[in-house]
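# curious how this folds, go ahead:
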Amino acid sequence: REIAAGVPVSDETATEEEASDDVRAGAQGCWRRCLQEAGNAIYNGPEESVQPYLLKAQALQALERYGEAAGVLEQCVRSGGGQQDTTVHEKLAEAHFLVRKSQRNDLYALLGVKGVGSKASEKEIRAAYKRAALECHPDRHSDKGEEDRKAAEVKFKALGEALDILTD
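Down below sits the predicted model:
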């Protein structure tokens with residue numbers, strides 16, 4: 001094995017991050033195969049069957065393709081098989097929620113919380129806020145141009161709002 005610089009790395013020095021990347025890549029490959037098989041089942045199977053649609057939507061969501069997952073479920077409802085099925089309607093509502101959620105700003109990334117994301121403690125969130133706020137505080141940008149000062153002020157306010165939301 002080699003790292004980007006071409007330096008060989010023994011298995012003993014492989015990091016947990018590399019291992020989790022390998023697992024994620026393997027899982028994505030499985031979901032892609034599942035997506036392909038579900039597409040074939042939708043194309044070749046009976047029209048009233050909803051299971052291939054549900055499976056395809058689940059695979060798309062696992063691949064973080066939320067809009068496509070909602071489209072597949074809407075297609076299931078339109079095709080007739082999912083019109084009366086409450087499971088399909090529940091999954092469709094969940095898919096629409098995930099679409100809206102994916103369009104929101106990631107407050108943890110905005111603050112610069114590393115690695116743990118939504119599992120971060122309040123102490124970690126506050127420390128990340130302090131680091132980020134010190135970097136973009138408007139007073140630190142007073143000697144810069146008007147545009148830079150405005151951008152820093154906007155980011156500083158967004159950081160404050162993120163801190164309020166995450167520590168509420």
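# low-confidence ranges in the chain?
The model of the chain has pLDDT under 70 over residues 1-24, 115-118.
# redo that, cut-off 80
1-26, 47-48, 80-81, 114-118, 168 (pLDDT under 80).
# list phi and psi for the residue located most distally from the centre of it.
Most distant from the centre of the chain: residue 143, at 37.3 Å, with distances by CA atoms, centre = their mean. Its backbone dihedrals place residue 143 at phi -90, psi 0, with angles given as degrees, to the nearest 10.
# distance check, it against residue 81.
From residue 143 across to residue 81, the span is 65 Å (CB to CB, to the nearest Å). Any C-beta I mention is one placed from the backbone N, CA and C, and that applies to glycine too.
# and for residue 62?
Applying CB to CB, the value for residue 62 to residue 81 is 22 Å.
# who has more neighbours out of these two?
residue 81 (21 against 16; other CB atoms under 10 Å).
# for that one, which residues are in contact?
Applying CB atoms under 8 Å, 6 or more residues apart in numbering, we find residue 81 in contact with 47-50, 53, 88.
# how about 6 Å then?
Going by CB atoms under 6 Å, 6 or more residues apart in numbering, residue 81 touches 47-48, 50.
# do residue 139 as well
Under the criterion of CB under 6 Å, 6+ apart, residue 139 has no neighbours.
# double-check that it belongs to a helix.
Yes - under DSSP: H, G, I helix; E, B strand; the rest coil, residue 139 sits within a helix.
# if I look at it, how far off is residue 125?
According to CB to CB, residue 139 and residue 125 sit 23 Å apart.
# one more: residue 47?
50 Å.
# tell me which of those two has more neighbours.
Shown here are residue 47 and residue 125; by other CB under 10 Å, residue 125 has more neighbours (19 against 10).
# just the CA coordinates of stretch 131-147, formatted as CSV?
Output in CSV follows, covering the C-alpha atoms of stretch 131-147 (Å, rounded to 0.1, in the frame of the first residue of the first chain):
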residue,chain,number,x,y,z
ARG,A,131,-11.7,29.4,17.2
ALA,A,132,-13.9,30.3,14.3
ALA,A,133,-15.2,33.5,15.9
LEU,A,134,-11.6,34.7,16.5
GLU,A,135,-10.7,34.2,12.9
CYS,A,136,-13.6,36.1,11.4
HIS,A,137,-14.4,38.7,14.1
PRO,A,138,-15.2,42.0,12.4
ASP,A,139,-12.5,43.9,14.5
ARG,A,140,-9.8,41.7,13.1
HIS,A,141,-10.9,42.7,9.6
SER,A,142,-11.1,46.5,10.3
ASP,A,143,-8.0,47.2,8.2
LYS,A,144,-9.3,45.2,5.2
GLY,A,145,-11.6,46.5,2.5
GLU,A,146,-15.3,47.1,2.9
GLU,A,147,-16.3,43.9,1.1
